[in-house]
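Asks: Predicted model and sequence follow; I will ask about them next.
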Amino acid sequence: MLNDLGGRFLAALTEVAEARLGAEHPFVKACREAAATADPTPARIPFEALAPAEADALLAEVHQRLREDGGAILGAWSPRSPSRPH
């Protein structure tokens, strides 16, 4: 479940960043790579290079999108996942 949610977060971050920064921005390119592998590592350094206000705005929009997409949250939840005993 966490990998799926991490992937959703990275996909949302990529979409928001592309809309705000443009498709050719180094952070957007790094986000695409991170989303493709569900590994946030490639996006860390480019994220830290963003202005603090821009980074905060990106994260705020991403969190709002994820918070408002209840279907995605419920779709990622499995009551019989290995981390939950039957």
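Replies: Right, received. Where do you want to start?

Asks: drop to CA atoms for contacts and neighbour counts, all remaining ones
Replies: OK.

Asks: which residues of this protein fall in helices?
Replies: 2-21, 26-37, 41-48, 52-68, 70-76 (DSSP state H).

Asks: Which one of those has the poorest average confidence?
Replies: The minimum mean pLDDT among those belongs to helix 70-76 (a mean of 64).

Asks: on that earlier part again, right, so the helices of the chain: which one is the most enclosed?
Replies: helix 26-37 (a mean of 20; mean count of other C-alpha atoms under 10 Å).

Asks: Kindly calculate the angle that that one makes with helix 41-48.
Replies: 160 degrees (axes from the mean of the first three to the mean of the last three C-alpha atoms, to 10 degrees).

Asks: between helix 26-37 and helix 2-21, how many degrees?
Replies: Going by the same axes, to 10 degrees, helix 26-37 makes 160 degrees with helix 2-21.

Asks: Now do helix 26-37: which elements does it pack against?
Replies: helix 2-21, helix 41-48 (3 or more C-alpha pairs under 8 Å, 6 or more residues apart in numbering; DSSP states H and E).

Asks: what sits up against it?
Replies: By C-alpha atoms under 8 Å, 6 or more residues apart in numbering, the surrounding residues in contact with helix 26-37 are 7, 10-11, 13-14, 17-18, 21-23, 40-43, 46-47.

Asks: what do you get if the cut-off is 10 Å, keeping everything else the same?
Replies: 6-23, 25, 38-50 (C-alpha atoms under 10 Å, 6 or more residues apart in numbering).

Asks: How far away from the center of its chain is that helix?
Replies: Here helix 26-37 is found 10 Å from its chain centre; the criterion is C-alpha atoms, centre = their mean, to the nearest Å.

Asks: Same check on stretch 19-35?
Replies: 11 Å.

Asks: please begin residue numbering at 775 from this point
Replies: Sure thing, new numbering starts at 775, so read that last one as stretch 793-809.

Asks: From one end of that stretch to the other, what's the distance?
Replies: 16 Å (C-alpha to C-alpha, to the nearest Å).

Asks: Check stretch 792-808 too.
Replies: Termini of stretch 792-808 sit 14 Å apart (C-alpha to C-alpha).
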